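Student: for reference, the sequence and a predicted model appear below.
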Amino acid sequence: MSLLVVGGTGTLGRQIVLQALIKGYSVRCLVRNLRKAQFLKEWGAELVYGDLSLPETIPPCLCGITAVIDASTSRPDETTTMKQVDWDGKLALIEASRVADIKHFIFCSVLNLEQFLDIPLMQMKKGIEVKLKESHIPFTIFRLTGFYQGLIGQYAIPILENQPIWITTENTRVSYMDTQDIARFCLRALQLPDTQSKTFFLGGPKAWLSSEIITLCEQLAGQTAKIQRIPLPLLQVSKYLLNFFEWGQNINDRLAFVEILNVENNFSKLTFDLYKTFKISKEKVTKLDNYFQDYFIKMLKRLKDINFEDVQRQKNLIL
Ligand SMILES: NC(=O)c1ccc[n+]([C@@H]2O[C@H](COP(=O)([O-])OP(=O)(O)OC[C@H]3O[C@@H](n4cnc5c(N)ncnc54)[C@H](OP(=O)(O)O)[C@@H]3O)[C@@H](O)[C@H]2O)c1
C-alpha cells in the first residue's frame with residue numbers, strides 16, 4: 001500500500017510517518033517546505049511539494065497513492081488563514097482523493113467539537129467530516145483528545161523554568177494521549193476494514209485533572225509550580241473581545257482550544273471498546289506518568305550537563 005501523509009512534519013504526522021515506514025509502507029509526504037521536511041526523507045519517506053493553501057499543487061501528490069492520512073492543520077502564527085488550510089485546502093484534498101480513487105482516507109478531527117461549533121476551527125473540522133462522508137471515499141475519522149506533547153509546554157517547561165502556569169478554575173478530567181499511540185491507531189485502521197466509514201473518539205488510558213498533572217511534574221522536577229488560575233468565564237470574555245480584532249483571531253483560537261480541552265472526556269467504557277476494536281492492548285499504551293518521567297530524566301540530566309559546562313568555562317576564563 002502506498003500512503004500519502006499530509007502534515008508529516010507535525011507533532012502527530014511525524015509519528016505516523018515513522019511508524020508507517022517501520023511497518024514497511026511506501027510513504028510519501030505532501031510538504032510545503034522541502035528543507036524543513038528533510039528529516040522525513042532521511043527516515044525513508046518520499047517528499048513531494050504541495051501546499052493546502054494552493055489547491056492546484058495537491059492532485060500531482062496523489063499519483064499512485066492508495067491511502068491518505070491527513071494530520072495537518074493551519075499553524076496559528078502564519079499569514080495563511082485557517083480557512084485556506086482547514087477548509088478550502090481540505091476540500092481540495094478530498095476532491096483530489098476522490099478523483100484519484102483513494103481507497104482509504106483517514107482524517108484527524110477534534111474531540112468535543114459539537115459543543116464548540118461557534119469556534120471557526122471546530123465548524124471547519126465538523127464540515128470536513130461531513131464532506132468526507134459525502135465523498136463516498138472509504139474513510140475513518142478520529143476525533144482526538146489533547147496530546148501529551150502539548151503538556152510539556154503547558155506544565156513541564158514552566159515548572160523547570162520557574163515560570164507561572166496558567167490553568168482555568170474548572171476542574172475537569174481529560175484523557176490525554178501520546179502521539180505515538182495515536183499514530184498506532186491511525187495505521188491500524190488501514191489494516192482493519194471494520195474501522196471504515198466510522199468515527200472514533202480516541203482517548204488515553206487515564207483521565208487527568210490539571211492539578212494532578214502539576215503535582216506529578218512537581219514531584220519529578222523537585223520544584224514547586226507557580227500556579228495562576230484564570231476563571232473560565234474570564235477566558236470566554238477575552239475570547240469574545242479578541243474576536244473583534246483581526247490580530248486577535250489566532251490568540252482567540254488558542255484560547256478556544258484551552259476551553260475545548262477543559263470539557264471532561266473520561267470515557268472508560270468507550271475507551272475499552274475502542275482498544276478492543278483496534279486490537280491494541282491498553283497496557284501497551286504509554287501512561288502519562290511514564291511519559292513525563294522519561295522527559296524529566298532527560299531534561300534534568302541535560303540541565304546538569306549545561307551547568308557543569310558553564311562551571312568549566314568559567315574556571316577556564318579565570319585561569
Ligand atoms: N495538538 C493537539 O492537542 C490536537 C488535539 C486534537 C486534534 N488535533 C488534530 O490533530 C492533527 C495533528 O495536530 P498536530 O498538533 O500534530 O499539528 P501540528 O504539529 O500543528 O502540525 C501541523 C501540520 O500541518 C502542516 N500544514 C500546515 N499548513 C499547511 C499547508 N498550507 N499545506 C500543507 N501542510 C500544512 C504543517 O506543515 P509545516 O511543518 O510546513 O508547518 C504540519 O506538518 C490536526 O488535524 C489537529 O487539528 C490536535
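Tutor: Cool, the structure landed.
Student: next up, identify which helix or strand residue 141 is on.
Tutor: Element membership for residue 141 (DSSP states H and E) is strand 139-144.
Student: now the helix or strand following that strand: buried residues?
Tutor: Downstream of strand 139-144, the next assigned helix or strand under DSSP H and E is helix 148-151. Neighbour-count burial for helix 148-151, with 16 or more other CB atoms under 10 Å as criterion, is recorded at 148-149, 151. C-beta: built from backbone N, CA, C; applies to glycine.
Student: and for stretch 178-198?
Tutor: Under the neighbour-count criterion of 16+ other CB under 10 Å, stretch 178-198 has 178-190, 195-196 buried.
Student: avg pLDDT for it?
Tutor: When pLDDT is averaged over stretch 178-198, the result is 96.
Student: can you confirm whether that stretch lies near the ligand?
Tutor: No. Using CB under 6 Å from any ligand atom, stretch 178-198 never reaches the ligand; the gap is at least 6.6 Å.
Student: what about the spatially closest residue to residue 104 that is not a sequence neighbour, distance to residue 141?
Tutor: Distances taken as CB to CB, 6 or more residues apart in numbering put residue 67 closest to residue 104, at 4.2 Å, once the chain neighbours are dropped. Note on residue 67: its distance to residue 141, by CB to CB, to the nearest Å, is 14 Å.
Student: and what of residue 48?
Tutor: Distance from residue 48 to residue 141, by CB to CB: 24 Å.
Student: compare those two (neighbour count), which wins?
Tutor: Higher neighbour count among residue 48 and residue 141: residue 141, with 21 against 18, using other CB atoms under 10 Å.
Student: pretty sure that one sits against residue 129.
Tutor: Yes. Look at residue 141 against residue 129 with CB atoms under 8 Å: they come within range, at 5.5 Å.
Student: give me the common contacts of these two.
Tutor: Counting by CB atoms under 8 Å, 6 or more residues apart in numbering, the shared contacts of residue 141 and residue 129 are 107, 109, 199.
Student: ok, and what's touching stretch 85-92?
Tutor: Contacts for stretch 85-92 (CB under 8 Å, 6+ apart): 51-53, 55, 58, 70, 72-74, 121, 124-125, 127-128, 131.
Student: which ones among the shared contacts of residue 141 and residue 129 map onto strands?
Tutor: Judged by DSSP state E, the subset of the shared contacts of residue 141 and residue 129 located in strands is 107, 109, 199.
Student: could I get those as TSV with distance to residue 228?
Tutor: Shown next, in TSV, are these (distance: CB to CB, whole Å):
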residue	distance to residue 228
107	36
109	31
199	36
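Student: of the residues you listed, which is the nearest to residue 136?
Tutor: Relative to residue 136, the closest of those is residue 107; by CB to CB it sits at 14.5 Å.
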